[in-house]
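S.K.: next input, structure requested:
(2 chains)
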Amino acid sequence: MLRTNLKSLWGPLIVAMLMSSWIPAGAAAPGFKAELDPVAFTLANRDNVAGIGNVEGSLDGHSLNITGNFSGLPSPATSAHLRIGLAMGVPGPVISELSVTQSPNGVISGKVTLNDEQVAALQHNALYVQLESVKAPNGNLWGWLEQAH
Amino acid sequence: MSGSAKLFVVAIVALLLAAAGYYAYTTHKPPAAGIYTAVQANAGQKEYGVNCAPCHGNALNGGAGPALAGAGFMSAWGPKSARELYQYVSTSMPAGNPGTLGQASYTAIAAFILQYNGASPGSRPFNGSTDLKIAALTSQKGPAASQGVDNSVQPESSDFPRVPVRWGLTVAGTVKNYVPVTDEMLVHPSDAEWLMYRRNYQGWSYSPLSQINTHNVKNLQLKWAWAMNEGGATEVTPMVHSGVIFLSNTSNTVQALDARTGELIWENRLGPASNISYGGTRSLGLYQDKVFVATTDAKLHALDARTGNVVWESVIDKPPKSETGGVMMIHGKVLVGLTGCDNYSTTNCYISAFDASTGQRDWAFHTTALEGEPGGDTWNGLPNLLRGGGDTWIAGTYDPDLNTTYWGVAQTKPWMRASRKTYGASTLYSSTTLALDPDTGKLKWYFPHAPGESLDLDEVFERVLIDHGVQKTLMTIGKPGILWKLDRVTGKFLDAKQTLLQNVFAKLDPKTGEVTYRKDILDQKVGDWIASCPGPEGGHDWQAVSYNQPTDLLIIPLSQSCVLMQGRAVEMKVGGGGTAASQQFYFMPGTQQNMGKLVAYRTSDMQEVWSFQQRSPFLTAVLSTAGGVAFVGDFDRHFKAVDVKSGKTLWQTRLGNGAEGHPVAFSLDGKQYIAVTSGLGGGSPVQKPATMLPEVHRPATGQQLYVFALPDGN
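M.R.: As a prediction, the model looks like this:
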């Protein structure tokens, strides 16, 4: 029954998400921010996913510009990506690669062109930045973008 | 020899042959190939000696903690896998500092325990992931067998704090001037006393005392302290009546203490010894001349309140069923829930009522609806045996005018719907509010908060009864962090408020309260990793809210952590099931890695009035008073007083260990006291911060009762 309910909601939900992502021409680029925290861990890998960071994003039409920094990684960063999940706090697949300093401390940057669905997901805090490192190749830090207030 | 005699001899011979065959099978069957290395077990022996032996004994024969070798250990752990042993040890040990040793140490310790129980080493190191059952790994020829380890025998002495070695009435004494507790006293409790779990039937955790207020609380000082049993979890509520604190301890020990001085009057160590997960009951019951105690072996005891002697004892169920939430007293009945319903059993889970005078069971209400009964068709056709969970591990509340008692029911087990094969079924009465007639156990109404719950997100916690004019409401909050308001006459949904980030429900219908799960939760398969914010720490957990009546504020302790959860396949038979999921933890997005949050909501319009967050989560209930002060304690040993109207911290002190339990207020000779316990152990509310906050160091012992008051003459 719940499955049926969700299916019936999916169409209107996407329409609502798309409508809410429409931005009038000439409006200031909406700002987004995220804190970067350790990815999901257990005791076994806790020491490999330490660190902290911040990223900011500005959306101009469908173009998302991302800048940020990080520090305190237990090993050098190797890569960073913009990803999309089903909601804030839910991991998901890669949208695009970002540039990252190959060091335990450094900066992240990148410019990504989003499609309509991805813009809608951004408005609903479902896009996130994930950073990988030598000791944590499947993820060291992550952070979900939300509107800066 | 007659025909019947011949038949008897043949039967005896057959039995002997069968027994011999069984003996040969159990003693000579080859164990499974080694899953650890000898080097690893040697390292584990050293780690064990430093970190485990003080509680579990050098010969793994038990002490403050249970034995880790021998028949008792194998009975409990033989059917479980080596992975489960590793997961338990790595997330729960050492007591007080769980999760602090590192993976290499934990796998080595697990290897040593397996070796000691007769498992053979192999060529591959143990990494904590094998699903082989411990019984299949061990030959019963290890040191444990040669030393005859038997954990049914408590060691006689040790230089380390431990559970008691003597049981029964260990200290005899008499409470003088004891006044029997009447129904009228329970309906209208004295301002000076604390007679039940949340002080009043409505579950407010509010004291009308006002001597300690926002201006003078900074002068609070310790009056006396009392060291409690170590071992097990301390989440208890001190009960205060007739100048006496009736205190439940771990290992099912009850003490009567002079509330003025802390002097022990009597002590009854009912037993059995608690393990680390289960501890002292959260709620004793006081009625007439008796103290009622539900114990971790699923028994109910009535003690003479004056002397501590056992008056009667009744069996609620059999272990591994257990009771930790405690009891409530209504109309001469003892109402008691049940927990430990993780594994499939023939008796399922239920709330029951016993006659306070005789100990006879009056009624039982199954919290997992059975086949052929109302709600029984909500289990995807599973037989009664496979209807796990539905625990009631928090005592209920009661409306005397409506003669209705309200209980929260925990989630279905195993945790994940793919493991238990219930899929989209709502699995009543899990994750509901129940309204029951306390005289008959008859269901008046139920409200489903989370039908088919699937991520260990209990909705079991306190139901707080609040009136707004003529409107009689019930408010509750569970692990998802949604604050619910229901009409407690009809069960109709009135309102809901999200108190922190939750991503489990994609939608909550504002008219009906019906929730819609996120798509990947609905589509889950065994082995999928599913995200959950909040995770099993809550949101809100057993640390109860306080309703401050003068301000209409509900003050709520919250925790901010998330998990990825992976369900496993389970055996669909008696003893199968269980929780059956693995977890990875992460900080809740947007919280700056602050796990603790205290928030106040005005209940009339459900608006947030204030909140603050901090690094360590709160591990006590909130106590608020007519003095405008709210008391709460945290994982990092702080016990603090905040202004009810603003949340501003007015006073704080640091206890010997994490502030854990249910603070209470009472008054004697015109002086107001605040009592709080420090404690160890427990489930997710302790395990999560112990893993996620490595900079917080907590002692390995320190279960204690502290009593504070203003200086004389203040």
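S.K.: out of everything not next to it in sequence, what's closest to residue B:540?
M.R.: residue B:477 (4.4 Å; C-beta to C-beta, 6 or more residues apart in numbering or on different chains). Bear in mind the C-beta positions are built from the backbone N, C-alpha and C, glycine included.
S.K.: mind listing the residues bridging to the one you found?
M.R.: Beta-bridge partners recorded for residue B:477 (DSSP bridges): residue B:483.
S.K.: what's around it, how many residues?
M.R.: Residue B:477: 28 surrounding residues under other C-beta atoms under 10 Å in any protein chain shown.
S.K.: likewise for residue B:637?
M.R.: If you count neighbours by other C-beta under 10 Å, residue B:637 ends up with 22.
S.K.: likewise residue B:439?
M.R.: Applying other C-beta under 10 Å, we find 15 residues neighbouring residue B:439.
S.K.: quick check, it in contact with residue B:405.
M.R.: No: under the criterion of C-beta atoms under 8 Å, residue B:439 is not in contact with residue B:405, lying 9.7 Å apart.
S.K.: okay, the most centrally placed residue in chain A and residue A:98: tell me how far apart.
M.R.: For chain A, the residue nearest the mean C-alpha position is residue A:128 (1.2 Å; C-alpha atoms, centre = their mean). According to C-beta to C-beta, to the nearest Å, residue A:128 stands 12 Å off from residue A:98.
S.K.: can you check residue B:228 too?
M.R.: In terms of C-beta to C-beta, residue B:228 sits 53 Å off from residue A:98.
S.K.: was I right about residue B:60 contacting residue B:69?
M.R.: Yes: if you go by C-beta under 8 Å, residue B:60 and residue B:69 touch, sitting 3.9 Å apart.
S.K.: just to revisit the earlier point, quick check: pLDDT value at the residue nearest to the centre of chain A.
M.R.: In this model, residue A:128 is scored at 98, pLDDT.
S.K.: does it fall in a helix, a strand, or a coil region?
M.R.: Here residue A:128 is recorded as strand under DSSP: H, G, I helix; E, B strand; the rest coil.
S.K.: count of neighbours near the spatially closest residue to it that is not a sequence neighbour?
M.R.: Once flanking residues are discounted, residue A:128 sits nearest to residue A:144: 4.3 Å by C-beta to C-beta, 6+ apart. Residue A:144: 25 surrounding residues under other C-beta under 10 Å.
S.K.: residues in contact with residue A:144?
M.R.: Residues counted as contacts of residue A:144 (C-beta atoms under 8 Å, 6 or more residues apart in numbering or on different chains) are A:34, A:85, A:88, A:89, A:125, A:126, A:127, A:128, B:589, B:590.
S.K.: just the pLDDT for it.
M.R.: pLDDT, residue A:144: 98.
S.K.: next one: residue B:92
M.R.: 66.
S.K.: quick check: residue B:40 is in a helix.
M.R.: Yes: if the criterion is three-state DSSP, then residue B:40 is within a helix.
S.K.: from residue B:383, how far off is it?
M.R.: Distance of residue B:40 to residue B:383, computed by C-beta to C-beta: 43 Å.
S.K.: compare the two (neighbour count), which wins?
M.R.: Taking neighbours as other C-beta under 10 Å, residue B:40 and residue B:383 compare with residue B:40 leading, 25 against 11.
S.K.: check contacts around the closest residue to that one other than its chain neighbours.
M.R.: Once flanking residues are discounted, residue B:40 sits nearest to residue B:111: 4.5 Å by C-beta to C-beta, 6+ apart. Going by C-beta under 8 Å, 6+ apart, residue B:111 touches B:36, B:37, B:40, B:41, B:44, B:121, B:125, B:126.
S.K.: just those residues: which are in helices?
M.R.: Counted as lying in helices by DSSP state H, out of the contacts of residue B:111, are B:40, B:41, B:44.
S.K.: for the first one, what are its contacts?
M.R.: With contacts taken as C-beta under 8 Å, 6+ apart, residue B:40 has the following neighbours: B:107, B:108, B:111, B:121, B:125, B:126.
S.K.: ranking the residues you listed by neighbours, who comes first?
M.R.: Busiest of the contacts of residue B:40 [other C-beta under 10 Å] is residue B:111, holding 31 neighbours.
S.K.: did I read that right, that one in a helix?
M.R.: Yes: assessed with three-state DSSP, residue B:111 lies in a helix.
S.K.: tell me how far it lies from chain A.
M.R.: Distance of residue B:111 to chain A, given as C-beta to the nearest C-beta, to the nearest Å: 15 Å.
S.K.: report pLDDT for that residue.
M.R.: For residue B:111, pLDDT reads 90.
S.K.: the residue nearest to residue B:127 when sequence neighbours are not counted in helix, strand or coil?
M.R.: Leaving aside its sequence neighbours, residue B:127 sits nearest to residue B:107 (C-beta to C-beta, 6+ apart; 6.2 Å). Following three-state DSSP, the label given to residue B:107 is helix.
S.K.: residues contacting residue B:107?
M.R.: So, once contact is read as C-beta under 8 Å, 6+ apart, residue B:107 ends up touching B:36, B:40, B:44, B:86, B:125, B:126, B:127, B:128.
S.K.: from residue B:89, how far out is it?
M.R.: Taking C-beta to C-beta, one finds residue B:107 at 9 Å from residue B:89.
S.K.: and if you look at residue B:406?
M.R.: Applying C-beta to C-beta, the value for residue B:406 to residue B:89 is 38 Å.
S.K.: kindly report the same for residue A:72.
M.R.: For residue A:72, the distance to residue B:89 - C-beta to C-beta - is 29 Å.
S.K.: more neighbours: the two, which one.
M.R.: Higher neighbour count among residue A:72 and residue B:89: residue B:89, with 22 against 11, using other C-beta under 10 Å.
S.K.: pLDDT of stretch B:360-372, averaged?
M.R.: pLDDT averaged over stretch B:360-372 gives 98.
S.K.: span of it from start to end?
M.R.: 27 Å (C-alpha to C-alpha, to the nearest Å).
S.K.: in that stretch, what's buried?
M.R.: Buried positions in stretch B:360-372, judged by neighbour count with 16 or more other C-beta atoms under 10 Å in any protein chain shown: B:361, B:362, B:363, B:364, B:365, B:366, B:367, B:368, B:369.
S.K.: which element is the second one on?
M.R.: Secondary structure here is read from DSSP states H and E; on that basis residue B:362 sits in strand B:361-366.
S.K.: after that strand, which helix or strand is next?
M.R.: strand B:388-389.
S.K.: thinking again about what came up before, now pLDDT too, for the ones in helices among the contacts of residue B:111, in TSV please.
M.R.: Formatted as TSV, the ones in helices among the contacts of residue B:111 follow (pLDDT from 0 to 100):
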residue	pLDDT
B:40	91
B:41	89
B:44	88
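S.K.: closest to residue B:332 out of those?
M.R.: residue B:44 (54.3 Å; C-beta to C-beta).
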